[in-house]
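K.L.:
Give me a 3D structure for the following:
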Amino acid sequence: QVQLVESGGGLVQAGGSLRLSCAASGSIFSINLMGWYRQAPGKQRELVAGIISGGSTNYADSVKGRFTISRDNAKNTVVLQMNSLKPEDTAVYYCNAEVESYSDHALNDYWGQGTQVTVSS
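P.N.:
Numbers count the residues shown, from 1 in each chain. From the prediction side, this is the model:
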């Protein structure tokens, strides 16, 4: 089994910054893709940013230039640095990881419990 534990959400004023962290633990052989999704009330969950083990990244158009995703492959962690936050960034943010297990090398998708980010205007 694999667990993803997130931290770093909170309340911030527009224009401020927050840093989200996610640590994966458990039966992990490797992690190919790690990413952050968010879900605002009444909306579908959407991809915010993703990063593969080699370091290539992709971002939602709405966060390009403001958010930066990074990872530490040795520690199985991923960080989302969020700058110039806007009220429309308010959502529950979820960490996601595509994990290859030690036991059977199957690929499975795992999610964190979610962390609330609230940006006040």
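K.L.:
for Ser56, phi and psi?
P.N.:
Reported as degrees, to the nearest 10, the phi and psi values for Ser56 are phi -70, psi 140.
K.L.:
now do Tyr102
P.N.:
Main-chain dihedrals, Tyr102, degrees, to the nearest 10: phi -70, psi -40.
K.L.:
ok, now Pro87?
P.N.:
Given degrees, to the nearest 10, the pair of backbone angles that Pro87 has is phi -60, psi -30.
K.L.:
neighbours of it, just the number please.
P.N.:
Using other Cβ atoms under 10 Å, the number of residues around Pro87 comes to 11. No exception for glycine: its C-beta is placed from N, CA and C like everyone else's.
K.L.:
Now do the contacts for it.
P.N.:
For Pro87, the residues meeting the contact criterion (Cβ atoms under 8 Å, 6 or more residues apart in numbering) are 14, 119-121.
K.L.:
Which members of these are the farthest-apart pair?
P.N.:
Maximum pairwise distance among these (Cβ to Cβ): 7.6 Å, between Val119 and Ser121.
K.L.:
more neighbours, the two?
P.N.:
Comparing Val119 with Ser121 by other Cβ under 10 Å, the one with more neighbours is Val119, at 20 against 9.
K.L.:
Following the chain onward from the strand or helix carrying Ser21, which element is next?
P.N.:
For Ser21, the enclosing helix or strand under DSSP states H and E is strand 18-26. Under the assignment DSSP H and E, the closest C-terminal helix or strand after strand 18-26 is strand 30-39.
K.L.:
State the mean pLDDT of that next one.
P.N.:
Here the mean pLDDT over strand 30-39 is 97, rounded to a whole number.
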